[in-house]
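Asks: Sequence first, predicted coordinates after that:
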Amino acid sequence: MKQTLTEEQWDKLLDAVRATNARMKPYSGRGMRGQSCLGIIPNTDTARYFLYLAQILIGNEDEEILDLLLDEPSKEDSLGKDIIVYFPNLLVDDDEEVDDDEESE
């Protein structure tokens, strides 16, 4: 079931992702017809990255955000040398804050 991340959820997740030195941005994957969803560009092996992110979310008592990620199917796309893991059912506003270096991609 599609749902839209609240601004508070986005901000909490963005803080956790920044703590891992990874990147997060709105992403429109295959078949999404222009809708943007949550996209995370891990800075290491995908499985290891998400275990580390889970530790941070639990430590910050953000289990609600972790539950959202675990409850929704994810997909991956290649971005050349990087990959992006995206969650088509976790919709976001294209105007959500991203890091400056992400906007240039």
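Replies: Received the coordinates, thanks.
Asks: what residues does stretch 16-30 touch?
Replies: Residues from elsewhere that reach stretch 16-30, judged by C-beta atoms under 8 Å, 6 or more residues apart in numbering: 13-14, 34-43, 49, 52-53, 56-57, 60, 62, 65, 75, 77, 84, 86, 88, 92-94, 96, 98-99, 101-102. Placement of C-beta: from N, CA and C, glycine included.
Asks: now that stretch, how far from the centre of its chain.
Replies: Relative to the chain's own centre, stretch 16-30 is displaced by 4 Å; criterion: C-alpha atoms, centre = their mean, to the nearest Å.
Asks: Give me the subset of the contacts of stretch 16-30 lying in strands.
Replies: 37-41, 75, 77, 84, 86, 88 (DSSP state E).
Asks: Among those residues, name the buried ones.
Replies: Among the ones in strands among the contacts of stretch 16-30, those buried by neighbour count (16 or more other C-beta atoms under 10 Å) are 37-41, 75, 84, 86, 88.
Asks: how many other residues sit next to Phe50?
Replies: Residues lying near Phe50 (other C-beta atoms under 10 Å) number 19.
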